[in-house]
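Undergrad: structure for this input, please:
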Amino acid sequence: MAESREHPSAPVEAWITGIGLATSLGEGIDAHWQALQERRINVDESGYAPYVVHPLAPVSFEAQIAKRGDLRQMEAWQRIGTYAAGLALDSAGLKGNTEVLSRTDMIVAAGGGERDLAVDSGILNAQKEGNNSPACLNERLMSDLRPTLFLAQLSNLLAGNIAIVHGVTGSSRTFMGEEAAGVDALRIALARIASGQSDVALVGAAHNGERKDLLMLYEFGRFNQKDKFSPVWSRSDAGGGFALGSGGAFLVIESRAHAEARGAKPFARLTSVVADHARRKNGGEVTASLEKMWADLGVSEGNAAIITGATGAEPATAEELAFLRAHSNLPVRGTATSFGHTLEAQFPLGIALAAMAISRGELFAANDPAGVEIEMTAPPTQIAVVGVGHWRGEGMALVEAVR
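TA: Just a heads-up that it's a prediction; the model follows:
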């Protein structure tokens, strides 16, 4: 392929040319758009009671992960992510293109792996019965844990599996840090493309919300939504909380020159990604953080809208809502109502939905009985994507129509 880097003096546009989604609403762009327009919600209130989760829709993983051996050694979140990454490559027309894939950079946001609940329960029961000597514990760990467990728990194994299954063998970076990791993955990808360090990147994350160990972890912080599902903007009266969601969201992002050289069409342009880390020691610091980032984002507020991954956890969501009400002239969509909270994947998911909406010339339907979300009749030309961590970290991105 001919050299595709843009002239150093020219602004380098970053185009979103591929979208891969596998969530509680289904898989692929068309299925998600239809589900959003129909205001569909897939939620489970009984399987993990009293906690509410958004389970992954049925997926035939073999369609993107052909080798059973590869499937067997992956945990659920890795299967979801590897599958969504394959969908993104298909969407961008890069699947099987070894020349481009060999230099495609990969930037992944990831959490850790799952616990072995049977082993953990056995050890805790033994301790309760007084069998808690160091020798006993070491014996259980040596004999009960499968050899692949520790490998499966490594955060960078998602990127490794994507490289093995799909042949993405450029540079690789993995960020950890819950919602903020998703923001940084997009921020670094855009910075590398804008600076000419990268021509094409696969960026995204995956999350398995159907994990008893994770539900227990977040229950310690009183973050889980319990008993009955309610939309994200209607949870404050019940003390707030999030419903974990399973899903993967990956994007192919490339320089305009690189995309044009191979005849790729953009969904939208990723113009800006900014991040902040408010101290959250005093009330209003999240609101102030969002206003500061908004000033740097460059939203014209003409045909603009906001897509937010607001979690429902308090007090962060109340402070984010104060920011949104200060910009109430802009239509808002909260993804947590439809998808649940997907942690690392929440910000990439928002950008994927923004790119879909801009490419289709309309914002998807509001799904909010509280009245925070309003309909939008004009085609959106700018969508600001907002990500506020349930505990730490804030970020914003600007997705625009390609002119």
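
Undergrad: the residue nearest in space to the middle of the chain: what's it in contact with?
TA: Nearest residue to the geometric centre of the chain (Cα atoms, centre = their mean): A345, 1.4 Å. Applying Cβ atoms under 8 Å, 6 or more residues apart in numbering, we find A345 in contact with A109, G182, G204, A205, A206, H207, G247, G248, A249. All C-beta spots, glycine's among them, are computed from the backbone N, C-alpha and C.

Undergrad: any idea how far L270 is from it?
TA: To L270, A345 is 17 Å away according to Cβ to Cβ, to the nearest Å.

Undergrad: for the residue nearest to the centre of the chain, which non-adjacent residue is closest in space?
TA: A205 (4.0 Å; Cβ to Cβ, 6 or more residues apart in numbering).

Undergrad: shaky segments in the stretch 251-400 of the chain?
TA: Along the stretch 251-400 of the chain, the model assigns pLDDT under 70 to no residue.

Undergrad: helices along that one, start to end?
TA: Secondary structure of the stretch 251-400 of the chain (DSSP state H, counting those that start in this stretch): helices located at 256-261, 285-297, 316-326, 336-339, 346-360.

Undergrad: can you give me the buried ones in the longest one?
TA: Read it as helix 346-360. 346-359 (16 or more other Cβ atoms under 10 Å).

Undergrad: re the thing from before, how about the helices of the stretch 251-400 of the chain in a markdown table, adding distance to N138?
TA: Formatted as a markdown table, the helices of the stretch 251-400 of the chain follow (distance: least, Cβ to Cβ, whole Å):
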| stretch | distance to N138 |
| --- | --- |
| helix 256-261 | 53 |
| helix 285-297 | 45 |
| helix 316-326 | 41 |
| helix 336-339 | 42 |
| helix 346-360 | 39 |
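
Undergrad: looking at those, which is closest to L141?
TA: helix 346-360 (33.8 Å; Cβ to Cβ).

Undergrad: quick one: residues contacting V372.
TA: W233, L321, L324, V332, G334.

Undergrad: so which of those residues is surrounded by the most neighbours?
TA: Counting neighbours by other Cβ atoms under 10 Å, the top entry in the contacts of V372 is G334, with 29 neighbours.

Undergrad: quick check: mean pLDDT across stretch 205-212?
TA: Mean per-residue pLDDT for stretch 205-212: 96.

Undergrad: ok now it, how far from the chain's centre?
TA: Relative to its chain's centre, stretch 205-212 lies at 11 Å (Cα atoms, centre = their mean, to the nearest Å).

Undergrad: quote the end-to-end distance of that stretch.
TA: By Cα to Cα, to the nearest Å, the extent of stretch 205-212 from end to end equals 20 Å.

Undergrad: now do the buried residues in that stretch.
TA: For stretch 205-212, burial by neighbour count (16+ other Cβ under 10 Å) applies to A205, A206, H207, N208, G209, E210, R211.

Undergrad: try stretch 96-116
TA: Those would be 100-101, 104-111, 113-116, for stretch 96-116 by 16+ other Cβ under 10 Å.

Undergrad: of those residues, which is the nearest to P58?
TA: Nearest to P58 among the buried residues of stretch 96-116, counting by Cβ to Cβ, is E114 at 20.5 Å.
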